[in-house]
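Peer 1: What would the 3D arrangement of this be:
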Amino acid sequence: MDAAFARQASLTKPPGALGRLEGLSVWLCGVQGECPPRPLRRRRLVVFAGDHGVARLGVSAYPAEVTAQMVANIAGGGAASSVLARLHDVGLRVADDSVGRPSGAISVEPATTRAAAEAAFERGLRIADEEVDNGADLLIAGDMGIGNSTAAAALVCAVTGAEPQETVGRGTGVDDAGWMRKVAVVRDALRRSRAATLAPLDLLAEVGGEDVAAMTGFLAGAARRRTPVLLDGVVPGAAAVVAAAIAPRLPAYLVAGHRSTEPAHRRALAHLGLEPLLDLSLRLGEGTGALLALPLLDAAVAVLREMATFGDAGVSGPA
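Peer 2: The predicted structure is shown next:
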């Protein structure tokens with residue numbers, strides 16, 4: 001990273017004039033271990049989809065069957081994430097092992113068993129390995145699942161100590177009554193499971209679900225393979241706070257693409273020490289916020305690689 005700081009200081013611009021682009025390029029040099037950074041040629045979005053049992057408790061503005069329908073839409077190229085992935089030349093993969101097998105309603109029962117959560121976590125690790133082995137140099141985790149922002153809020157509460165009313169948002173657009181039901185579900189889930197006392201995999205089993213457990217494994221796997229991750233919204237944020245408890249070096253490999261309107265996402269980013277690149281009032285998920293931030297990362301790479309130095313251009317430096 002010393003070389004990256006030195007090159008930034010030599011480029012034909014006042015120091016710091018490109019703002020956070022400069023820090024982004026230095027971060028990528030540190031993750032890749034070279035300066036200037038390599039262009040990101042094989043970017044991969046993996047959307048982790050799952051049915052959540054809390055969907056039947058009125059915590060979403062949409063019915064549970066939308067999860068499977070949207071998985072088909074994403075795979076068919078018609079979803080926002082599909083469009084943005086094409087626009088930015090990002091390969092898209094859907095991991096939908098738990099669609100059609102709803103998790104338990106976490107307010108009254110575990111989301112899944114410890115064994116199933118552990119198996120899902122291992123699947124996520126394997127997916128990260130497969131992507132990196134096939135040449136991926138940037139990973140994005142996306143989500144799809146009616147009710148999954150409720151699980152995410154519960155996870156963030158358990159890890160950060162926040163209260164449910166401080167983390168629960170509108171998700172798919174619930175009204176005030178829906179928001180209050182969602183807060184009650186998270187509160188009851190935390191009380192039932194004593195989530196704050198649980199180890200990470202037990203926590204994922206109690207209030208997360210298999211899709212979130214797989215995403216957690218995917219993020220931990222990215223850190224294991226020293227591969228940068230552009231972090232999306234509230235569900236990947238919740239998975240990241242759990243993954244960081246398993247893989248403490250994970251935050252060093254993360255850059256936050258955006259800040260969601262979901263309060264739990266703000267808590268998660270603060271917990272991870274991440275400052276988002278964008279704040280566009282997004283709350284869709286699917287990886288869309290990260291995809292929108294990707295051109296900034298590309299720009300940071302191009303600037304550090306291609307800008308002339310004062311010496312190269314014959315430009316006088318600071319007086």
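Peer 1: Could you use CA atoms for every contact and neighbour count after this?
Peer 2: Will do.
Peer 1: all helices in the stretch 101-250 of the chain, in order from the N-terminus.
Peer 2: Ranges of helices in the stretch 101-250 of the chain, per DSSP state H, counting those that start in this stretch, are 114-133, 148-160, 164-167, 176-193, 200-203, 210-224, 234-246.
Peer 1: Determine the set of other helices and strands touching the second one.
Peer 2: Read that as helix 148-160. Judged by 3 or more CA pairs under 8 Å, 6 or more residues apart in numbering; DSSP states H and E, helix 148-160 is in contact with helix 164-167, helix 176-193, helix 234-246, helix 263-272.
Peer 1: how does it look with 10 Å?
Peer 2: helix 164-167, helix 176-193, helix 200-203, helix 210-224, helix 234-246, helix 263-272 (3 or more CA pairs under 10 Å, 6 or more residues apart in numbering; DSSP states H and E).
Peer 1: follow-up on the earlier one: what's the closest of the helices of the stretch 101-250 of the chain to Gly53?
Peer 2: Ranking those by their distance to Gly53 (criterion: CA to CA) puts helix 148-160 first, at 9.4 Å.
Peer 1: Return the mean pLDDT over that closest one, rounded to an integer.
Peer 2: Helix 148-160 comes out with an average pLDDT of 97.
Peer 1: CA atoms only: put that helix into PDB for me.
Peer 2: Extracted in PDB, the C-alpha atoms of helix 148-160 (Å, rounded to 0.1, in the frame of the first residue of the first chain):
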ATOM      1  CA  ASN A 148     -35.400 -11.900   4.500                       C
ATOM      2  CA  SER A 149     -35.000  -8.300   5.800                       C
ATOM      3  CA  THR A 150     -36.700  -9.400   9.000                       C
ATOM      4  CA  ALA A 151     -34.100 -12.100   9.500                       C
ATOM      5  CA  ALA A 152     -31.400  -9.600   8.700                       C
ATOM      6  CA  ALA A 153     -32.700  -7.200  11.400                       C
ATOM      7  CA  ALA A 154     -32.700 -10.000  13.900                       C
ATOM      8  CA  LEU A 155     -29.100 -10.900  13.100                       C
ATOM      9  CA  VAL A 156     -27.900  -7.400  13.300                       C
ATOM     10  CA  CYS A 157     -29.600  -6.900  16.700                       C
ATOM     11  CA  ALA A 158     -28.000 -10.100  18.000                       C
ATOM     12  CA  VAL A 159     -24.500  -9.100  16.900                       C
ATOM     13  CA  THR A 160     -24.500  -5.400  17.600                       C
END
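Peer 1: Quick one, grab the pLDDT at Ser82.
Peer 2: Ser82 carries a pLDDT value of 98.
Peer 1: Do I have it right that it meets Gly76?
Peer 2: Yes - counting by CA atoms under 10 Å, Gly76 is a contact partner of Ser82 at 8.0 Å.
Peer 1: Which one's more surrounded, these two?
Peer 2: More neighbours surround Ser82 than the other of Ser82 and Gly76, with 23 against 10 (other CA atoms under 10 Å).
Peer 1: Show me what the helix or strand hosting that one is in contact with.
Peer 2: Ser82 belongs to helix 80-87 when assigned by DSSP states H and E. When contacts are defined by CA atoms under 10 Å, 6 or more residues apart in numbering, helix 80-87 is touched by residues 43-45, 47, 73-77, 79, 89-93, 142, 284-292, 294.
Peer 1: which residues touch Asp143?
Peer 2: Asp143 makes contacts with 46-50, 71, 94-96, 149, 211-212, 215, 232-236, 284-288, as judged by CA under 10 Å, 6+ apart.
Peer 1: make that His52, sorry
Peer 2: Taking CA under 10 Å, 6+ apart, we find His52 in contact with 64, 67, 98-106, 111, 145-151, 208-211.
Peer 1: again with His271
Peer 2: Val156, Val159, Thr160, Gly237, Ala240, Val241, Ala244, Pro251, His265.
Peer 1: Is the fifth one in contact with Leu269, as I believe?
Peer 2: Okay, so that is Ala240. Yes - between Ala240 and Leu269 there is a contact under CA under 10 Å: 9.1 Å.
Peer 1: Report the set of residues contacting both of these two.
Peer 2: Leu231, Val234, Pro251.
Peer 1: pretty sure the second one contacts Ala290?
Peer 2: This means Val234. No - with contact defined as CA under 10 Å, Val234 does not reach Ala290; the gap is 11.6 Å.
Peer 1: who has more neighbours, those two?
Peer 2: A direct count of neighbours by other CA under 10 Å for Val234 and Ala290 places Val234 higher, at 34 against 30.
Peer 1: and which of the contacts of His271 is nearest Ala223?
Peer 2: Closest approach to Ala223 among those (CA to CA): Pro251, at 8.4 Å.
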